[in-house]
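Peer 1: Quick one: sequence plus predicted model below, questions after.
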Amino acid sequence: MAPAGGYPPPQKEGAGGRKMTRRQFLARGAATVVGAGLLTGGYAWQGEPNWLEITRRELPLKDLPSAFAGTRLVHFSDVHLGFNKDAHDLARLTKHIKEEKPDLICFTGDIVDSYAEDLTDSVAILAELEAPLGKYAILGNHDYKNTELLTRLLNESGFRVLRNQSYLIKQGGAVMAVAGLDDMLHGKPDPEAAIKGIPDGTFTVLMMHEPDYADTAEGYPFHLQLSGHSHGGQIRLPLLGAPFTPYGSQKYIDGLYYTENKAMPVYVNRGFGETMMPLRFMCRPELTVLTLRRE
């Protein structure tokens with residue numbers, strides 16, 4: 001992870017991949033061994049996945065309208081209902097969200113791990129969340145087995161699902177926009193469609209599940225990207241960091257970055273749930289609270 005406010009680590013590997021280095025091989029092998037031992041011990045299985053970290057930070061943004069200065073934006077991601085997380089766990093998370101008194105709520109994908117039906121029991125829980133500037137959601141790569149049902153359930157819970165779309169928010173005579181793109185892996189992200197209808201010069205928050213898409217997004221008039229997908233690696237090792245992160249989050253992995261050309265801020269949330277393995281180590285689930293400030 002780059003230092004908060006720092007620049008991202010070296011470029012990610014291409015889709016074709018490269019040969020695994022000896023260091024990568026050893027790191028991933030160590031992760032397997034450590035993961036197995038921690039699972040037996042219980043900490044990474046029953047401990048850390050339930051130990052939520054609330055990250056609160058002020059984020060200076062030079063183009064933010066003064067009417068939106070001080071906005072409390074709550075960002076959560078990757079709940080993965082149906083795999084190691086259920087409605088009871090989501091109720092814990094929403095309790096913390098309510099306590100933060102958000103002005104704006106953004107969810108950046110993977111509400112379920114596999115099946116849209118796994119969201120059914122949680123609709124009423126999500127519906128309890130309130131934010132005067134709205135609740136917005138996008139789909140992640142795990143959300144594509146039944147997008148029609150999933151979108152309907154999210155809408156019933158009060159979330160506006162944005163798929164290559166945007167929504168204008170008005171406050172104090174000023175306007176800002178929230179835009180959301182289709183998933184990079186299983187959808188068809190279309191930034192041009194997303195910004196259609198947004199007046200030139202409007203401060204725009206982009207929600208995109210895969211953070212590495214930021215290198216494409218910075219070529220469009222977006223001012224802040226919110227992402228998830230990486231889980232921060234889920235398993236991290238001392239000195240080595242995350243031995244593995246999924247394609248789409250190999251460059252931007254955890255926390256705040258700035259893109260190389262435009263210096264667009266990108267915040268990557270570590271997610272609330274888990275996938276593949278019901279484990280976390282040195283990588284607690286995260287709820288992010290960003291207070292937007294004028295730079």
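Peer 2: Received it, and whenever you're ready, just let me know what you need. Residues are numbered from 1 along each chain as shown.

Peer 1: beta partners of Q171?
Peer 2: Beta-bridge partners of Q171, counted by DSSP bridges, are A174.

Peer 1: Now do the contacts for it.
Peer 2: Contacts here follow C-beta atoms under 8 Å, 6 or more residues apart in numbering; on that basis Q171 touches A67, F68, L133. Any C-beta I mention is one placed from the backbone N, CA and C, and that applies to glycine too.

Peer 1: What's the PyMOL line that selects buried ones from these?
Peer 2: Applied in PyMOL, the following selects the buried portion of these according to 16 or more other C-beta atoms under 10 Å:
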select buried, resi 68+133
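
Peer 1: Kindly reformat the contacts of Q171 as a markdown table and extend each row with pLDDT.
Peer 2: Shown next, in a markdown table, are those (pLDDT from 0 to 100):
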| residue | pLDDT |
| --- | --- |
| A67 | 98 |
| F68 | 98 |
| L133 | 98 |
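
Peer 1: Kindly indicate which of the contacts of Q171 lies nearest G271.
Peer 2: Set against G271, the nearest of those by C-beta to C-beta is L133 (23.1 Å).

Peer 1: helix/strand/coil for the closest one?
Peer 2: Of the three states, L133 takes coil according to DSSP: H, G, I helix; E, B strand; the rest coil.

Peer 1: Quick one: residues contacting the residue lying closest to it once chain neighbours are set aside.
Peer 2: In space, L133 comes closest to L104 once its chain neighbours are excluded; the distance is 4.2 Å by C-beta to C-beta, 6 or more residues apart in numbering. In this structure, L104 makes contact with T71, R72, L73, V74, A131, L133, G134, Y136, I169, V178, judged by C-beta under 8 Å, 6+ apart.

Peer 1: Which of those residues are buried? Put it as a PyMOL command.
Peer 2: Those of those that meet the burial criterion (16+ other C-beta under 10 Å) are gathered into one PyMOL selection, given here:
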select buried, resi 71+72+73+74+131+133+136+169+178
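
Peer 1: Give me the neighbour count for the closest residue in space to P49 that isn't next to it in sequence.
Peer 2: Here the nearest residue to P49 in space, its sequence neighbours aside, is R280; by C-beta to C-beta, 6+ apart that works out to 4.8 Å. Around R280 there are 29 other residues, counting by other C-beta atoms under 10 Å.

Peer 1: Then L181?
Peer 2: Counted with other C-beta under 10 Å, residues neighbouring L181 total 30.

Peer 1: Pop out the phi and psi values for it.
Peer 2: As for L181, its main-chain torsions (degrees, to the nearest 10) stand at phi -110, psi 160.

Peer 1: hang on, the earlier thing: so the residue nearest to P49 versus D182, what's the distance?
Peer 2: As for R280, its distance to D182 is 28 Å (criterion: C-beta to C-beta, to the nearest Å).

Peer 1: Over to I198?
Peer 2: Taking C-beta to C-beta, one finds I198 at 17 Å from D182.

Peer 1: got it, and H75?
Peer 2: 19 Å.

Peer 1: swap in H96?
Peer 2: 29 Å.

Peer 1: likewise A214?
Peer 2: When distances are taken as C-beta to C-beta, A214 and D182 turn out to be 15 Å apart.

Peer 1: next one: E128
Peer 2: Using C-beta to C-beta, E128 is found at 28 Å from D182.

Peer 1: the more surrounded of those two?
Peer 2: When E128 and D182 are compared for neighbours, D182 comes out ahead with 22 against 13, by other C-beta under 10 Å.

Peer 1: Can you report how many residues lie near G219?
Peer 2: G219 has 12 neighbouring residues, counting by other C-beta under 10 Å.

Peer 1: again with H88
Peer 2: H88 has 10 neighbours, counted by other C-beta under 10 Å.

Peer 1: Tabulate the CA atom coordinates of the helix or strand it falls within in CSV.
Peer 2: H88 is located in helix 87-99, with elements delineated by DSSP states H and E. The C-alpha trace of helix 87-99 is given here as CSV (Å, rounded to 0.1, in the frame of the first residue of the first chain):
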residue,chain,number,x,y,z
ALA,A,87,-28.1,-10.3,7.1
HIS,A,88,-26.9,-10.4,10.8
ASP,A,89,-23.4,-9.2,9.7
LEU,A,90,-24.9,-6.5,7.5
ALA,A,91,-27.0,-5.2,10.3
ARG,A,92,-23.7,-4.7,12.3
LEU,A,93,-22.3,-2.7,9.4
THR,A,94,-25.4,-0.5,8.9
LYS,A,95,-25.4,0.3,12.7
HIS,A,96,-22.0,1.8,12.3
ILE,A,97,-23.0,3.7,9.1
LYS,A,98,-25.9,5.2,10.9
GLU,A,99,-23.7,6.4,13.7
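
Peer 1: Downstream of it, the next helix or strand is which one?
Peer 2: As the chain continues past helix 87-99, the following element, by DSSP H and E, is strand 104-107.
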